[in-house]
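K.L.:
The following block contains a protein sequence and its predicted model.
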Amino acid sequence: MSVQRNTRSHFRGVCHVIAAVVVVVGFSATAQARNPYRKNFFDAYPSAVGTVLNTVPSQPNHCGVCHFDFGGGGMRNPYGLAVEATDRSEAAILGLDGDDSDDDGFTNGTEISDVTTYINTPTFPGLTPAIVGSVSNVDLADIQDHLVPSTGGDTTPPSVTVIVPNGGETYVGNSGTTVQWIAGDASGIAGINLYMSDDNGVTFRTIAKGLPNSGSYTWHVANRPTTTAWFRVVATDNAFNFG
Ligand SMILES: [Ca+2]
Ligand SMILES: [Ca+2]
């Protein structure tokens, strides 16, 4: 199929995240073992008590500071892994204050307790827009504005340039091809979503979501012959603007 240059900049896609239902055997024993560490966290950061880190409408008194499953148990997020590697005492938790466990550019302490600089404090020290799709047993709307600190000053969408394909290419179905883009933003790029249309831009299908801004991706082209295909790259910045 041939691919036309996509010059549209507005965002059409809607995030659909399918939350996995995880059955945890022996949950009550896990919960009992977990409570002291949860208490240690809020003793270390008393300003976080009563905030989104403590409780959200869809999962009151959740365990989402450390676990992808907000109900508790299962795989830890990057901050949870860092806590797990210590003795999980209040002092040990405070010892992680200067680390950036989730690698979003802000230290754990800044995310949890800097209420003067940012408008959405606290943010989750173990979650970023790129990995928030891994959470379960919570309504994403409860937490999506609390992933990365924001000053609220950036209303400018990211700049995105599609490099390959940029028009006229022919791809063979059921084979892999490398697509490339360049995206940038003053607040930093939180994630990249890729879409394609095989009906001249009327509807778009998702190719991939939540990719790092690496500039390239191997797209396995579906075997749906068309001469009116479009390729779209959507970047999200850390202030939640789309471009
Ligand atoms: Ca961080
Ligand atoms: Ca974060």
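P.N.:
Nice, thanks for sending it over. Ligands and ions are numbered 1, 2, ... in the order given.

K.L.:
what's near enough to touch Val172?
P.N.:
Contact analysis of Val172 by C-beta atoms under 8 Å, 6 or more residues apart in numbering lists Val221. The way it works is simple: take the backbone N, C-alpha and C, and place the C-beta from them, glycine included.

K.L.:
what about it, which SS state?
P.N.:
coil (DSSP: H, G, I helix; E, B strand; the rest coil).

K.L.:
now Asn35
P.N.:
Following three-state DSSP, the label given to Asn35 is helix.

K.L.:
Could you pull up the residues touching Tyr118?
P.N.:
By C-beta under 8 Å, 6+ apart, the contact set of Tyr118 is 110, 149-151.

K.L.:
Now secondary structure, distance to ligand 2 and neighbour count too, for the residues you listed, in TSV please.
P.N.:
As requested, the contacts of Tyr118 are exported to TSV (DSSP: H, G, I helix; E, B strand; the rest coil; distance: C-beta to the ion, whole Å; neighbours: other C-beta atoms under 10 Å):
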residue	secondary structure	distance to ligand 2	neighbour count
Thr110	helix	9	19
Pro149	coil	8	21
Ser150	coil	11	20
Thr151	coil	15	11
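
K.L.:
Redo those residues as TSV? Include pLDDT and distance to Val49.
P.N.:
Formatted as TSV, the contacts of Tyr118 follow (pLDDT from 0 to 100; distance: C-beta to C-beta, whole Å):
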residue	pLDDT	distance to Val49
Thr110	97	18
Pro149	91	19
Ser150	86	22
Thr151	80	24
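
K.L.:
So for the residue nearest the centre of the chain, what pLDDT did the model give?
P.N.:
What sits nearest the mean C-alpha location of the chain, by C-alpha atoms, centre = their mean, is Pro129, with 2.0 Å. As predicted, Pro129 sits at a pLDDT of 86.

K.L.:
What of Ser214?
P.N.:
93.

K.L.:
Same question for Cys15.
P.N.:
36.

K.L.:
pretty sure Ser47 belongs to a helix, no?
P.N.:
Yes. Applying three-state DSSP, one finds Ser47 inside a helix.

K.L.:
For Val115, see how far away it is.
P.N.:
According to C-beta to C-beta, to the nearest Å, Ser47 and Val115 sit 7 Å apart.

K.L.:
what do the two both touch?
P.N.:
Pro122.

K.L.:
what does this structure put close to ligand 1?
P.N.:
100, 102, 104, 106 (C-beta under 5 Å from the ion).
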